[in-house]
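J.: my questions are about this predicted structure, shown below with the sequence.
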Amino acid sequence: MFFSRFTLSSLAEIIAFQLYDVHTNFTNKEYKMNIGDKAPDLLGLNEKGEEIRLSQYAGKKLVLYFYPKDSTSGCTTEACNLRDNYAELRRAGYEVVGVSVDSAASHQKFIAKYELPFPLIADTDKTLVEAFGVWGEKSMYGRKYMGTFRTTFVINEEGIIERILLPKEIKVKEHAEQILG
């Protein structure tokens with residue numbers, strides 16, 4: 001068997017290296033949208049096929065969080081943490097919109113299963129992930145593939161990006177607290 005040549009600690013080292021590689025590749029990439037930039041008005045279509053525009057959130061701060069895939073463990077944990085703290089986020093003046101490249105149908109199932117109170121943009125053509133610079137090459141277990149880097153942009157009341165939480169910084173179990181903190 002392939003794994004018989006490796007000890008448990010050497011396998012852990014390989015996995016740790018691959019995870020480090022994902023983060024290293026990402027942190028070295030330049031964002032297309034940076035702190036101080038005006039975010040685009042048209043963000044995309046939500047799970048119902050309705051346009052989501054930044055102007056709909058004028059006067060409020062917008063948490064625009066990008067995540068890799070509906071119903072995966074980390075993405076579900078992150079979405080549920082935002083759901084569980086949604087009332088507190090709104091009291092603090094924030095609205096929440098999630099973005100992934102999954103389809104509207106996938107988003108509808110994800111929202112229904114976990115009772116998410118915020119919209120999810122179905123960026124199937126990758127327009128928004130590319131505009132924000134969160135789409136790129138990832139690596140896991142030595143396999144390279146294209147995907148979304150888990151990243152959150154906090155956009156102020158005037159539509160200006162005031163904060164960016166990078167993949168390495170995001171703690172999916174405490175994401176709302178990170179935003180509020």
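T.: The structure has been received and is ready for your questions. Residues are numbered from 1 along each chain as shown.

J.: same question for stretch 49-59, mean pLDDT?
T.: On average, the pLDDT along stretch 49-59 is 96.

J.: ok, residues contacting that stretch?
T.: Residues outside stretch 49-59 that contact it (C-beta atoms under 8 Å, 6 or more residues apart in numbering): 39-46, 62, 95, 97, 104, 119, 121, 155, 157, 159. Just so you know, the C-beta spots here come from the backbone N, C-alpha and C atoms, and that holds for glycine as well.

J.: for Lys144, give me its contacts.
T.: Glu137, Lys138.

J.: how about the secondary structure of it?
T.: strand (DSSP: H, G, I helix; E, B strand; the rest coil).

J.: bridged to it, which residues?
T.: Ser139 (DSSP bridges).

J.: so the residue nearest the centre of the chain bridges to which residues?
T.: Centroid-nearest residue in the chain, with C-alpha atoms, centre = their mean: Phe66, separated by 2.2 Å. In this entry, Phe66 is beta-bridged to Val99, Thr151, by DSSP bridges.

J.: coming back round to it: buried subset of the contacts of stretch 49-59 as a PyMOL selection?
T.: The buried residues among the contacts of stretch 49-59 can be selected in PyMOL (16 or more other C-beta atoms under 10 Å) with this line:
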select buried, resi 39+43+44+45+46+62+95+97+104+119+121+155+159
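
J.: next one: stretch 99-106 to chain centre, how far?
T.: From the chain centre to the centre of stretch 99-106 is a distance of 12 Å (C-alpha atoms, centre = their mean, to the nearest Å).

J.: lowest-scoring secondary structure element of this protein by mean pLDDT?
T.: Lowest on mean pLDDT, DSSP states H and E among the helices and strands of the chain sits helix 8-27, with a mean of 39.

J.: average model confidence for the helix or strand just after that helix?
T.: Using DSSP states H and E, the helix or strand that directly follows helix 8-27 along the chain is strand 42-45. Mean pLDDT, computed over strand 42-45, is 97.
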